[in-house]
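In: Here is the input, now give the coordinates:
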Amino acid sequence: MKPLAAVLLAAALALAAGGAAAQPSCGDLVAAYEAELALSQRCEVGAPDACGATRPRTPQDACRCQVAVNPARTAELDRLLAQFDTQACPRKPLVCNRACTKPARACAAAPGAAPSCAGR
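Out: Presented below is the predicted three-dimensional model:
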């Protein structure tokens, strides 16, 4: 899978050359979302509401189980989710068949790691 940045660059070059922009594949959107989710979970320990927002763990999940994210870092996640839905990308499984756990909303740092809403 190509990173979303490479797909978007190719689309921009196609537009500059007078061609139509190609949409990223559903797989590219999932990969870009997962990368962006990791960035969106970065936080500052002790900051008020550092992990006060939630977003789905993956756009493919029919249950849309939520994880805590930094509210200041949600715009790109929202854009990728909207594009995933607009392109009618498939969900796996098709029907939600499990309960989701409530996301921990604490910013924590593991030894040798940057602070994260995931605590890793």
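
In: burial count for the closest residue to Arg98 other than its chain neighbours?
Out: The shortest distance from Arg98 to any non-neighbouring residue, by Cβ to Cβ, 6 or more residues apart in numbering, is to Cys63 (6.2 Å). (Each C-beta comes from the backbone N, C-alpha and C, glycine too.) Cys63 has 16 neighbours, counted by other Cβ atoms under 10 Å.

In: helix or strand for the residue positioned nearest the centre of the chain, which one?
Out: Nearest residue to the geometric centre of the chain (Cα atoms, centre = their mean): Tyr33, 3.2 Å. Secondary-structure assignment from DSSP states H and E places Tyr33 in helix 26-40.

In: for that helix, packing partners?
Out: helix 4-16, strand 66-69, helix 75-86 (3 or more Cβ pairs under 8 Å, 6 or more residues apart in numbering; DSSP states H and E).

In: For the protein, which residues score under the pLDDT cut-off?
Out: 1-21, 119-120 (pLDDT under 70).

In: ok, back up a step: residue contacts, the residue nearest to the centre of the chain?
Out: Counting by Cβ atoms under 8 Å, 6 or more residues apart in numbering, Tyr33 touches 58-59, 77, 80-81, 84.

In: quick one: which of those residues is nearest to Ala47?
Out: Leu77 (18.9 Å; Cβ to Cβ).

In: Neighbours of that closest one, how many?
Out: 20.

In: Pull the contacting residues for the closest residue to it other than its chain neighbours.
Out: Closest residue to Leu77 apart from its sequence neighbours, by Cβ to Cβ, 6+ apart: Arg55 at 4.9 Å. Counting by Cβ under 8 Å, 6+ apart, Arg55 makes contact with 37, 40, 66-67, 69, 74, 77-78, 81.
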